[in-house]
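Visitor: sequence and predicted structure are below.
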Amino acid sequence: MSESGRMELSFTPEHAALFSALSGDRNPLHLDPGYARRTPYGRPVLFGVAAVLAALGAWAGGRRFRLSGLRAVFDQPLFTGIGYTLAWTGQDGRVELKLLKGSQVRTRISFRWEAPGAPGQPAAPVPFQPLAAARERAAADLPATLEDYPYAPDWSQAGPFQERFGLGPDQWPPAQLAALLFASYFIGMDCPGRQALFAELKISFHGTAAFRPGNLALSYHPGFSLLEVAGSGATAFTLKAFLRPGPVLHPLAEVRAEVGASAAMAGRKVLVTGASRGFGAVLAKALALQGAEVGLNYRSGHAEAEAVLAELGPGPGRALLLPGDLGRSADCARVALAAAAGLGSLDLLVCNASPAIEARPFLAQTAAECLGFVQDSLAMLVGPLRELLPGLKPGATVVYVSSAYVRSPQAQFSHYLAAKGAAEGLVRGLAEEFRHLRFIIFRPPRMLTDQTSAPFDPDPGVSAITVAKQLLEVLMRAKTDSGLTELG
């Protein structure tokens, strides 16, 4: 018998919370917006196994079933608040299922199923206390084998989970549900733990006996930052996960070692947007080391901005925190007032803020999503310029941080290129209109930051300190006539 289907599927934060409660997986990549913001994804990623279970529930439509095997490949991350297409085809108990965004496949699931006997009951409780927080393991800390690994879901959460996911232990063997929950817990909480990014799972089921993970063999492949876990027994499985690199940090001492410290910019008043992390934070540190008084604008990374401020301390320049979402006109007005009160008239405005940048094929976006990214990007430039341009000192400099991609386009970044190209056009127009100011369009190369850091990347990018030094050297030169300069 053949089958096929297609439906829209979306996820909410409640999906993540209920899955976490049942499985015990509390990995911050999926639950903590502050933590996820410092990853290439910029926001929490949906648990991969949660997506598999939601897709199974949608496919099943309330019918009972039993699996003999399942494979899931997590090609691209999934997020809450976004609509996806769930499409499937099946023949004689074999089903191929895909979660898509436009034409882009995000998750692939294939499984074999049959009509069930009795669904069985959850296994008797085992002595299992889930970890309160995911372990932070380096590759060298990973065990080679684990003979026994006690695990049990929190079955008291099965009811709320089933209501949201449309799938529960009375619909298919609890041992099979437990095996998938274990896969997420083991990878996300223990091996590799906090820095995990699930890549693939493959499970073969033999009967419906209670799930007891054991005989685990772990192997790590450093060339790909990939951990492979194999388990044998009544339920045989293979799990694969990347070990994500940690945060990309550039402490003040490291910045000082490369750019030095001086009084070359003493007395100059500077505002850097998007300055709590990445290139913005590095540039703010470099400017302060040259004696500038720096305003640090940020949208939500308060703890990170406070850390930058604490690092600068009583050094040659001083810093001021200027929180505000520059995509909102009211926040732009507040930032401008705070900057005027704390710094006075500005000598330098660096427009660096940007929405999170994700590689997305053009046809994997709706028209509204593509236009929305362009609009959000431009808003972070237009808003502060409207509020701050009138108060800049004559001869002051405005820097727009663009991208080398404008001159060397890359596939899957059409939305980003559209935004940067439009912003550059705006700056060129302003250079003609505000002839008493100096404008710089700065196109840095791809840099190694939290947003670009990946488990396997043969070209990780240039250090943000090196790029900040290049821009700093231009800013520290004797001023040229007002007008427009394009760098990169």
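Guide: Sure thing, it's come through.

Visitor: which secondary structure elements does the longest helix anywhere in the chain contact?
Guide: In the chain, assigned by DSSP state H, the helix with the most residues is helix 367-388. Under the contact criterion of 3 or more C-beta pairs under 8 Å, 6 or more residues apart in numbering; DSSP states H and E, helix 367-388 touches helix 329-342, strand 348-351, helix 414-433. (Each C-beta comes from the backbone N, C-alpha and C, glycine too.)

Visitor: how about it as PDB, C-alpha atoms only?
Guide: The C-alpha coordinates for helix 367-388 follow below in PDB (Å, rounded to 0.1, in the frame of the first residue of the first chain):
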ATOM      1  CA  ALA A 367       9.200  37.000  -0.300                       C
ATOM      2  CA  ALA A 368       8.200  38.500   3.000                       C
ATOM      3  CA  GLU A 369      11.100  36.800   4.800                       C
ATOM      4  CA  CYS A 370      13.600  38.100   2.300                       C
ATOM      5  CA  LEU A 371      12.200  41.600   2.300                       C
ATOM      6  CA  GLY A 372      11.900  41.500   6.100                       C
ATOM      7  CA  PHE A 373      15.600  40.800   6.500                       C
ATOM      8  CA  VAL A 374      16.400  43.700   4.200                       C
ATOM      9  CA  GLN A 375      14.100  46.000   6.100                       C
ATOM     10  CA  ASP A 376      15.500  45.000   9.500                       C
ATOM     11  CA  SER A 377      19.000  45.500   8.300                       C
ATOM     12  CA  LEU A 378      18.300  49.000   6.900                       C
ATOM     13  CA  ALA A 379      16.300  50.000   9.900                       C
ATOM     14  CA  MET A 380      19.500  49.400  12.100                       C
ATOM     15  CA  LEU A 381      21.300  52.000   9.800                       C
ATOM     16  CA  VAL A 382      18.500  54.500   9.000                       C
ATOM     17  CA  GLY A 383      17.300  54.900  12.600                       C
ATOM     18  CA  PRO A 384      20.600  55.900  14.200                       C
ATOM     19  CA  LEU A 385      21.700  58.000  11.300                       C
ATOM     20  CA  ARG A 386      18.500  60.100  11.400                       C
ATOM     21  CA  GLU A 387      18.900  60.700  15.100                       C
ATOM     22  CA  LEU A 388      22.700  61.200  15.200                       C
END
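
Visitor: show residues contacting that helix.
Guide: Helix 367-388 is contacted from outside by 271, 273-274, 297, 326-329, 331-333, 335-336, 339, 346, 349, 351, 353-355, 362, 365, 398, 400, 414-416, 418-420, 422-423, 426, 430, using C-beta atoms under 8 Å, 6 or more residues apart in numbering.

Visitor: the following helix or strand past that helix to helix 367-388, inter-axis angle?
Guide: Going down the chain from helix 367-388, the next helix or strand is strand 397-401, by DSSP states H and E. Put simply, strand 397-401 runs at 160 degrees to helix 367-388, going by axes from the mean of the first three to the mean of the last three C-alpha atoms, to 10 degrees.

Visitor: could I get the helices and strands packed on helix 367-388 as CSV with mean pLDDT?
Guide: What follows is those, written out as CSV (pLDDT from 0 to 100):
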stretch, mean pLDDT
helix 329-342, 95
strand 348-351, 97
helix 414-433, 96
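
Visitor: what's the most buried one of the ones you listed?
Guide: By mean neighbour count, with neighbours taken as mean count of other C-beta atoms under 10 Å, strand 348-351 ranks first of those at a mean of 26.

Visitor: tell me what that one is packed against?
Guide: strand 269-272, helix 278-289, helix 367-388, strand 397-401.

Visitor: quick one, which of the ones you listed gets closest to residue 138.
Guide: helix 278-289 (23.8 Å; C-beta to C-beta).

Visitor: quick one: the closest one to strand 397-401, angle?
Guide: Helix 278-289 and strand 397-401 meet at an angle of 150 degrees, taking the same axes, to 10 degrees as the criterion.

Visitor: how about helix 278-289, which residues are buried there?
Guide: 278-289 (16 or more other C-beta atoms under 10 Å).

Visitor: and the next element down the chain from it?
Guide: Downstream of helix 278-289, the next assigned helix or strand under DSSP H and E is strand 293-298.

Visitor: next, count neighbours for residue 382.
Guide: 18 (other C-beta atoms under 10 Å).

Visitor: and it, how close does it get to residue 487?
Guide: Residue 382 sits 22 Å away from residue 487, taking C-beta to C-beta, to the nearest Å as the criterion.

Visitor: please, where are all the strands along the stretch 1-150 of the chain?
Guide: In the stretch 1-150 of the chain, the segments counted as strands under DSSP state E, counting those that start in this stretch are 2-10, 66-74, 83-91, 94-101, 104-114, 145-148.

Visitor: got the angle for the fourth one vs helix 367-388?
Guide: This means strand 94-101. Interaxial angle, strand 94-101 versus helix 367-388 (the same axes, to 10 degrees): 30 degrees.
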